[in-house]
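Peer 1: make a model of this:
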Amino acid sequence: MRKPRNTLPYVPCLFLCAVVCAACLPHFSFLKSGAVPSGQALSPPSREHWFGTDDLGIDLFASVCYGAKSSLLLSVGSAVVAAIGGSIIGMLVGYAGGIIDTLIVSIIDFFIGIPDLLLMVVLGVFLGPGLANIIFAISLVSWIMPAKIVRSEVLKIKTENYIRLSNAYGAHFWHIFAWHLWKPLFSIILVSVIKIMNKAILAEASLAYLGLGDPLSKSWGMTITRAMDFPTIYLTDFWKWWLVFPTTVMVCTVLSVAAIGRWMELRIGGRTRS
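Peer 2: Got it, this is the predicted structure:
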């Protein structure tokens with residue numbers, strides 16, 4: 001059987017590098033402000049305004065750069081907290097077993113039964129807008145799958161003879177983790193981070209569309225939401241730059257992260273699917 005190609009996706013990597021560079025541009029003074037008008041309202045793309053301007057005259061290229069900074073910070077923060085936190089919980093309960101394992105599995109089953117977006121909406125209503133609150137809401141609904149996968153992996157690993165031999169010689173948990181657990185679990189955690197990053201970008205855009213995003217942030221979701229809230233935008237030519245550019249950047253970022261996550265799952269995770 002022919003094995004699938006798992007070469008590094010160069011185009012997604014280059015695009016993500018461009019997004020990271022765009023996220024660094026707000027730290028330089030030559031970039032136009034993402035909050036102060038710098039031109040005529042609703043101007044089409046030009047040499048002065050590459051992506052045009054919005055209804056307030058704010059440069060959309062600057063808004064996309066500020067949105068890259070905000071969206072990357074939110075996605076990476078949510079992914080790291082959810083993936084590492086969920087993996088630690090899954091590893092501990094899988095290794096310990098007993099009542100704690102049963103309790104955590106019940107909690108995981110409870111969260112799986114609730115739609116993620118519904119839970120994020122409820123949390124967004126109670127917590128209010130804010131970057132930290134959005135990261136907390138996304139992390140709270142995203143730790144489930146890493147915890148479940150890591151727990152299943154630990155349950156298989158701890159039955160191996162070398163783990164039993166280490167326990168027979170009195171090895172404590174951290175010794176077993178350092179010598180036997182972290183290597184097979186590292187790939188799972190890394191792939192989980194990539195997948196949750198994708199989920200976080202789309203979740204932030206969904207919360208912004210529902211009016212639960214941070215109105216002071218310049219994320220891609222807030223820029224797209226403001227454009228969609230403009231009266232009769234689809235009956236004008238404004239959507240051709242106000243909606244197309246930030247939406248295209250967000251969609252291409254999500255697809256690039258998904259492609260890299262797929263490659264990592266095949267290459268690093270050691271799983272090959274036909």
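Peer 1: tell me the centre residue of the chain?
Peer 2: Of all residues in the chain, the one closest to the mean position by CA atoms, centre = their mean is Met197, 1.6 Å from it.
Peer 1: name the residues of the helix or strand hosting that one that are buried.
Peer 2: Met197 belongs to helix 182-209 when assigned by DSSP states H and E. Neighbour counts over helix 182-209 (16 or more other CB atoms under 10 Å) mark 185, 187-208 as buried. For every residue, glycine as well, the C-beta is placed using N, CA and C.
Peer 1: could you say what helices and strands it packs with?
Peer 2: When contacts are defined as 3 or more CB pairs under 8 Å, 6 or more residues apart in numbering; DSSP states H and E, helix 182-209 packs onto helix 60-96, helix 116-127, helix 131-142, helix 144-157, helix 220-228, helix 244-267.
Peer 1: any low-confidence regions in the stretch 101-250 of the chain?
Peer 2: Along the stretch 101-250 of the chain, the model assigns pLDDT under 70 to no residue.
Peer 1: what do you get if the cut-off is 90, keeping everything else the same?
Peer 2: By pLDDT under 90, the weakly predicted segments of the stretch 101-250 of the chain are 101-143, 145, 148-242.
Peer 1: SS state for Phe110?
Peer 2: In three-state terms, and counting by DSSP: H, G, I helix; E, B strand; the rest coil, Phe110 is helix.
Peer 1: that one and Cys252, how far apart?
Peer 2: According to CB to CB, to the nearest Å, Phe110 and Cys252 sit 36 Å apart.
Peer 1: compare those two (neighbour count), which wins?
Peer 2: For Phe110 versus Cys252, neighbours defined as other CB atoms under 10 Å are more numerous around Cys252 (16 against 10).
Peer 1: mind listing what's buried along stretch 73-85?
Peer 2: Across stretch 73-85, burial judged by 16+ other CB under 10 Å covers Leu74, Ser75, Gly77, Ser78, Ala79, Val80, Val81, Ala82, Ala83, Ile84, Gly85.
Peer 1: with just CA atoms, put that stretch into CSV.
Peer 2: In CSV, the C-alpha atoms belonging to stretch 73-85 read as follows (Å, rounded to 0.1, in the frame of the first residue of the first chain):
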residue,chain,number,x,y,z
LEU,A,73,-2.2,35.9,21.4
LEU,A,74,-5.7,34.5,22.1
SER,A,75,-5.2,31.3,20.1
VAL,A,76,-1.8,30.5,21.5
GLY,A,77,-2.8,31.4,25.1
SER,A,78,-6.0,29.3,24.9
ALA,A,79,-4.2,26.3,23.2
VAL,A,80,-1.3,26.3,25.7
VAL,A,81,-3.5,26.5,28.7
ALA,A,82,-6.1,23.9,27.5
ALA,A,83,-3.6,21.4,26.0
ILE,A,84,-1.1,21.4,28.8
GLY,A,85,-3.7,21.6,31.6
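Peer 1: residues making contact with that stretch?
Peer 2: Identification of contacts with stretch 73-85 by CB atoms under 8 Å, 6 or more residues apart in numbering yields 131, 134-135, 138-140, 142-143, 146, 189, 192-194, 196-198, 200-201, 204, 219.
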